[in-house]
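J.: My questions concern the predicted model and sequence given below.
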Amino acid sequence: MARVVVDVMPKPEILDPQGQAVANALPRLGFDGVTAVRQGKHFELEVADDVDDATLAKIAESFLANPVIEEWTVRRVEA
């Protein structure tokens, strides 16, 4: 088995209200110096060793992310 991580983030030109809410709350909570926050999604998949990178990319593009407003990275990690 292999472990695959897919990180999905809004494209830079897409407004991120959740990230903005976090960024605005941090100074009120006493955390200074953070100028911007972008909030995304993190997926960890356990897949068979024979699942190829093209299949993983298709899973990310068609199921885990909305390609119109999000970008993603797929990487294999040590189990």
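T.: Noted; the coordinates are in hand.

J.: residues of stretch 42-49 that come out buried?
T.: For stretch 42-49, the neighbour count (16 or more other CB atoms under 10 Å) marks 43, 45 as buried. Glycine gets a C-beta too; all of them are placed from N, C-alpha and C.

J.: contact partners of that stretch?
T.: 1-8, 56, 59, 64 (CB atoms under 8 Å, 6 or more residues apart in numbering).

J.: What's the ChimeraX line that selects buried ones from those residues?
T.: Applying 16+ other CB under 10 Å to the contacts of stretch 42-49, the buried members can be selected in ChimeraX as follows:
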select :4,6,7,8,56,59,64
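
J.: First-to-last residue distance for stretch 31-46?
T.: 36 Å (CA to CA, to the nearest Å).

J.: and what of stretch 6-24?
T.: The first-to-last residue distance of stretch 6-24 comes to 27 Å (CA to CA).

J.: any idea of the mean pLDDT in that stretch?
T.: Averaging pLDDT along stretch 6-24 gives 97.

J.: Strands of the chain, start to end?
T.: 2-10, 41-47, 70-77 (DSSP state E).

J.: Note down every partner strand of the second one and its orientation.
T.: Strands flanking strand 41-47 in the sheet, each with its direction: strand 2-10 (antiparallel) (DSSP bridges).

J.: so how far is the strand it pairs with off the chain centroid?
T.: Distance of strand 2-10 from the chain centroid (CA atoms, centre = their mean, to the nearest Å) equals 6 Å.

J.: what does stretch 38-46 give?
T.: Using CA atoms, centre = their mean, the offset of stretch 38-46 from its chain centre is 4 Å.

J.: which one among the contacts of stretch 42-49 gets closest to L15?
T.: Nearest to L15 among the contacts of stretch 42-49, counting by CB to CB, is V8 at 16.1 Å.

J.: Now the two most distant members of the contacts of stretch 42-49.
T.: M1 and V8 (22.3 Å).

J.: returning to that earlier point: will you turn the contacts of stretch 42-49 into JSON lines that also has distance to A25?
T.: Converted to JSON lines, these look like this (distance: CB to CB, whole Å):
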{"residue": "M1", "distance to A25": "39"}
{"residue": "A2", "distance to A25": "37"}
{"residue": "R3", "distance to A25": "33"}
{"residue": "V4", "distance to A25": "32"}
{"residue": "V5", "distance to A25": "27"}
{"residue": "V6", "distance to A25": "27"}
{"residue": "D7", "distance to A25": "23"}
{"residue": "V8", "distance to A25": "23"}
{"residue": "L56", "distance to A25": "35"}
{"residue": "I59", "distance to A25": "33"}
{"residue": "L64", "distance to A25": "27"}
